[in-house]
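Peer 1: Need a 3D model of the following:
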Amino acid sequence: MKSTAGAFRDKSRAVPLNSDVALKWVLQNPNISTIVSGMSSLDELKKNIAMIGNIKMTEQEKKDLAYVSSPSEPGLYCQQCRSCIPQCKYNIEIPTIMRSYMYAYGYKDMEHARYTLSEAGISDDPCTKCKSCSVSCVSGFNIKERISDISRLSSVPEEFLKS
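Peer 2: Just a heads-up that it's a prediction; the model follows:
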């Protein structure tokens, strides 16, 4: 489970969920037995260890969690269930493209997003072949819209994506 990846509801209203809240929720969830929390510094490790000492959520944290958990909007992260592929008459590798979308909008890692598109063989918008999309995503994503959005990254020169 990507507990600290950030819980953005959509890119136009990016509202990040505090990583402490995400960890507290995971640690309190009886359906989750293991967590791998990515940390890139000793300070982050110390912060997480300190937080584990008190996993009770504040009222604001509960509100933030309720907002990002709202079923009214799809989240950012594809479940990779692959139920979309048989629905697509062109058998597009939708989960891989959606993972690229996550890298771009969730992690702000355009290089990795573009690499993932390239590995999937996406060099332009594969959805232009269809007038309407027949894919119904279990997570509620507008597949055609998301693929059209992220596939534009394929045409951006690599030098513009370097961090």
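Peer 1: For A50, identify the helix or strand it belongs to.
Peer 2: helix 42-52 (DSSP states H and E).
Peer 1: Distance from that helix to the middle of the chain?
Peer 2: 24 Å (CA atoms, centre = their mean, to the nearest Å).
Peer 1: and the residue of the chain positioned farthest from its centre, how far is that from Y77?
Peer 2: Residue farthest from the centre of the chain, counting by CA atoms, centre = their mean, is G53 at 28.2 Å. In this view, G53 and Y77 are 28 Å apart by CB to CB, to the nearest Å. Bear in mind the C-beta positions are built from the backbone N, C-alpha and C, glycine included.
Peer 1: For K63, see how far away R99 is.
Peer 2: Taking CB to CB, one finds R99 at 29 Å from K63.
Peer 1: same check, this time on S19
Peer 2: 16 Å.
Peer 1: And for C133?
Peer 2: 34 Å.
Peer 1: what ranges do the helices span in this protein?
Peer 2: 19-28, 42-52, 59-68, 94-105, 110-119, 143-151 (DSSP state H).
Peer 1: how close does the residue nearest the centre of the chain sit to R152?
Peer 2: Residue closest to the average C-alpha location in the chain (CA atoms, centre = their mean): Y77, at 2.9 Å. Separation of Y77 from R152 (CB to CB) stands at 20 Å.
Peer 1: Likewise for K24?
Peer 2: 37 Å.
Peer 1: Low-confidence regions, this protein specifically.
Peer 2: 1-18, 68-75, 163 (pLDDT under 70).
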